[in-house]
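Undergrad: Only the shape, not the letters, is given here:
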Ligand SMILES: [Zn+2]
């Protein structure tokens, strides 16, 4: 299989029809094995490691995940993002905050809240990380789904970052999709073990974006929670069965009621029993079942879905990668079913 690298296509271009330009590349997409064809978003800048070894944030995992996907034959349709403009970043963030981080004038206190040391390398990696989410959303509207090898920076608020999150990648992606593709209702399905507090804060009062956060009530972070449109707080020690029961109760009815034109999925694996930070007790099989259920439910509802990696913590990074690969396995299985959702989204956009 060969990789498909999109030409320069991101950023604001004439007429705001950026994603439609990409749609024309569908004709040149490689005819890969159906069971192994899901669009993957990756950029070599994810290998930049701007923090010291031993830091608790597992910065190398994005690149390790992509290397594993290549080994497994799951990266046959790779798309490369480009950095979004400051205007695009400001769709979900205060422009002064965006500028202060980009130019390094951000205060030491604000960087302490993020928990990472400022550097030009960190800027480069953070910005391309948002570009990945923007591209994944655009690809989902074209192909029905796309999966990032990074991201899920859901603790970034409108005017400050926190919890290793600088910009809220999928929040920017939601607004960029609304701006560039003219879509209406967006649904966030945030299944990271931590509450999606930044996402909730960004979209508070915005009826065009519904935020669902299903998280563990016993996490010490975020220190103070925001109110999502729907919060489902589960206890410490939640098992595979308990988790799936809660998810099955909330997700299909939401999809039926909202009929979202785009689902943004945070597939954090810090719900795993052996995660260093998470307090739930899911197994590998439970995470795979969860990810399969999300894709199947979205396919049944005809809703395109763009997925971010989300959190996952373990001193042995290869163990984290084992868990993040599960999302890509589930994605590969459901890519054919979701392709119809992408085709419908493309038709709807052409009519708008
Ligand atoms: Zn998390």
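TA: Now that the structure is in, tell me what you want to look at. Quick caveat, the model's predicted, so the values are computed rather than measured. Numbering: from 1, shown residues only.

Undergrad: which regions of the chain sit below the pLDDT cut-off?
TA: 1-36 (pLDDT under 70).

Undergrad: Pick out the residue of it closest to the ion.
TA: Across the chain, the shortest distance to the ion (C-beta to the ion) belongs to residue 311, at 2.8 Å. The C-beta positions use only the backbone N, C-alpha and C, and glycine is treated the same way.

Undergrad: residue contacts, that residue?
TA: Going by C-beta atoms under 8 Å, 6 or more residues apart in numbering, residue 311 touches 152, 192, 193, 194, 268, 269, 270, 277, 278.

Undergrad: Let me have the residues you listed in TSV, extended by neighbour count.
TA: Formatted as TSV, the contacts of residue 311 follow (neighbours: other C-beta atoms under 10 Å):
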residue	neighbour count
152	29
192	26
193	27
194	26
268	28
269	30
270	25
277	16
278	26
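
Undergrad: now, which of the residues you listed lie close to the ion?
TA: Among the contacts of residue 311, proximity to the ion is found for 192, 194, 268, 270 (C-beta under 5 Å from the ion).

Undergrad: Tell me the secondary structure at the second one.
TA: Applying DSSP: H, G, I helix; E, B strand; the rest coil to residue 194 yields a three-state assignment of coil.

Undergrad: Would you mind confirming that it is in contact with residue 221?
TA: Yes - counting by C-beta atoms under 8 Å, residue 194 does reach residue 221; the two are 6.1 Å apart.

Undergrad: intersection of neighbour lists for the two?
TA: In contact with both residue 194 and residue 221: residue 163, using C-beta under 8 Å, 6+ apart.

Undergrad: how about the helices in the stretch 151-300 of the chain?
TA: Remark: helices assigned in the stretch 151-300 of the chain by DSSP state H, counting those that start in this stretch are 169-181, 197-202, 240-258, 284-301.

Undergrad: So which elements touch the helix or strand just after the last one?
TA: To tie it back to what came earlier, the one meant is helix 284-301. For helix 284-301, the succeeding helix or strand toward the C-terminus, using DSSP states H and E, is strand 305-308. Here strand 305-308 touches helix 120-143, strand 145-148, helix 169-181, strand 262-266, helix 284-301, helix 317-351, going by 3 or more C-beta pairs under 8 Å, 6 or more residues apart in numbering; DSSP states H and E.
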